[in-house]
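A.B. asks: Kindly generate the corresponding structure for this input.
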Amino acid sequence: MDCGADECLDQSVPSALEELRRIAQHERSEDSALRDSVNSAENRLTANRFYSTSHHVIEFMNPVSDNSFLKIIVAMMSGVALCFGSLACNNSSLARTEKVKLNTPSSLNLADSDNDGFPDAVELTSASDRENFRSWFTAIAEIQYYQSSAEWNKEQRDCAGLVRFAMREALRQHDRLWFQKMGAGYEAVAPDVRDFNLEKSPLHEKLFRTDFGIFRESDLTENKFSEFADARTLKNYNVSFISRERSQGQSGDLLFYEQAFAQKFPYHVMIFLGKAKQANEGANDWVVYHTGNSASDDGTLKKVRLAVLDQHPDKRWRPVGNNKNFLGFYRLKILQ
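C.D. replies: Model prediction:
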């Protein structure tokens, strides 16, 4: 029986469910195990919206047989096979098949053609995706200065934590639920990144590389990627050096400092905003960063211009070429 996707759903699912209910009420209905099995099957049909026709389900079911439960399972599996193989359910089945493939690492491009340690599938290759990511990344980082989102774990609020949080949220789908979750003050700043998001990524939430080397598929199971990365890990494995000259920096680049022998955590990172989205004062040299935390101090977020940091009383924090503690501008590898 040919039917469109909506007709398949409207006709087959109610019929199949009705047949399941009929079996449950048959003379074997006193068998609690059978009733539970039927209820489980019904829930699975409802949740997954199987597109099969009712007569294919019914013909496999014989409530008089001692193997009723087995026949229910066979009928369910038959319905799935018929749906995915039938032109009648072509549009919906292809969409579901595509989604499964996108979530399966073997179906993605896991080559590392530029040998940077990241699979090509997670790199933003189009100019529009790179620009949209930069817009979301910097906007999310900047708004934390005004009102930190409850979604940003308080235990991870430091300089690298700001990078991780803004990067992860920039790659999500920014729908109504996302805006509700993030809190007040957020607005759409650009289209979503089209060719990459956390649901499709073979890395999922583990966006950050933690070791040297080109990418190999075994990295996914050998802890070469993690949800966590401190400033040192970000610098060593997740970015590429651009320049110590600010004229070469782009919105979304990272500035790194190293205060060797001076601090427990010698590396520090800032996010280069360029032109801030709020209170930019007509300038295009803004950065935002977290000062880091300690046992006695939670630290704080700061948003300042490079022109102001140029005059920092502690010369180690001046982002200028003759400051050996300033390492320069770096770019996330997914943007290259």
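A.B. asks: ok so residue 128 is a helix residue?
C.D. replies: Yes - counting by DSSP: H, G, I helix; E, B strand; the rest coil, one finds residue 128 located in a helix.
A.B. asks: Wait, it touches residue 194, no?
C.D. replies: Yes - Residue 128 lies in contact with residue 194 (CB atoms under 8 Å); the separation is 7.2 Å. Just so you know, the C-beta spots here come from the backbone N, C-alpha and C atoms, and that holds for glycine as well.
A.B. asks: the helices in the protein, which residues?
C.D. replies: 5-24, 32-48, 54-58, 68-85, 90-102, 127-146, 159-170, 176-182, 231-233, 306-309 (DSSP state H).
A.B. asks: Let me know how buried residue 160 is, in neighbour terms.
C.D. replies: 24 (other CB atoms under 10 Å).
A.B. asks: again, but for residue 187
C.D. replies: 9.
A.B. asks: show me the residues around it that make contact.
C.D. replies: Residue 187 sits next to no residue when contact means CB atoms under 8 Å, 6 or more residues apart in numbering.
A.B. asks: and what of residue 170?
C.D. replies: Applying CB under 8 Å, 6+ apart, we find residue 170 in contact with 133, 136-137, 140, 193.
A.B. asks: residues near residue 225, how many?
C.D. replies: There are 25 residues near residue 225, going by other CB under 10 Å.
A.B. asks: Can you tell me how far it is from residue 144?
C.D. replies: When distance is defined by CB to CB, to the nearest Å, residue 225 is 24 Å away from residue 144.
A.B. asks: what do you get for residue 266?
C.D. replies: Distance from residue 266 to residue 144, by CB to CB: 24 Å.
A.B. asks: Comparing the two, which residue is more hemmed in?
C.D. replies: residue 144 (20 against 14).
A.B. asks: Might you report the residue contacts of that one?
C.D. replies: 152, 162, 165-166, 288, 301 are the contacts of residue 144 under CB under 8 Å, 6+ apart.
A.B. asks: what residues does stretch 288-301 touch?
C.D. replies: Contacts for stretch 288-301 (CB under 8 Å, 6+ apart): 141-142, 144-145, 148, 154, 157-159, 161-162, 265, 268-271, 273, 302-303.
A.B. asks: And for stretch 221-238?
C.D. replies: By CB under 8 Å, 6+ apart, the list of residues contacting stretch 221-238 reads 117, 156, 159-160, 163-164, 203, 205-213, 219, 254, 256, 265-269, 327, 330, 332-333.
A.B. asks: I would like a PyMOL command selecting only the buried ones among these, please.
C.D. replies: PyMOL command restricting those to the buried ones, with burial defined by 16 or more other CB atoms under 10 Å:
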select buried, resi 117+159+160+163+164+203+206+207+208+209+210+219+254+256+267+268+269+327+330+332+333
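A.B. asks: Sort out for me which of the contacts of stretch 221-238 are in strands.
C.D. replies: Among the contacts of stretch 221-238, the residues falling in strands (DSSP state E) are 208-209, 254, 256, 267-269, 327, 330, 332.
A.B. asks: Just the CA atoms of stretch 164-174, as PDB, please.
C.D. replies: As requested, the backbone C-alpha atoms of stretch 164-174 are provided in PDB (Å, rounded to 0.1, in the frame of the first residue of the first chain):
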ATOM      1  CA  ARG A 164      36.000  26.400  26.500                       C
ATOM      2  CA  PHE A 165      32.600  27.700  27.500                       C
ATOM      3  CA  ALA A 166      32.300  30.200  24.700                       C
ATOM      4  CA  MET A 167      33.600  27.800  22.100                       C
ATOM      5  CA  ARG A 168      31.300  25.000  23.100                       C
ATOM      6  CA  GLU A 169      28.200  27.200  23.200                       C
ATOM      7  CA  ALA A 170      29.100  28.900  19.900                       C
ATOM      8  CA  LEU A 171      28.900  25.500  18.200                       C
ATOM      9  CA  ARG A 172      25.500  24.600  19.500                       C
ATOM     10  CA  GLN A 173      22.100  25.100  17.800                       C
ATOM     11  CA  HIS A 174      20.800  28.400  19.000                       C
END
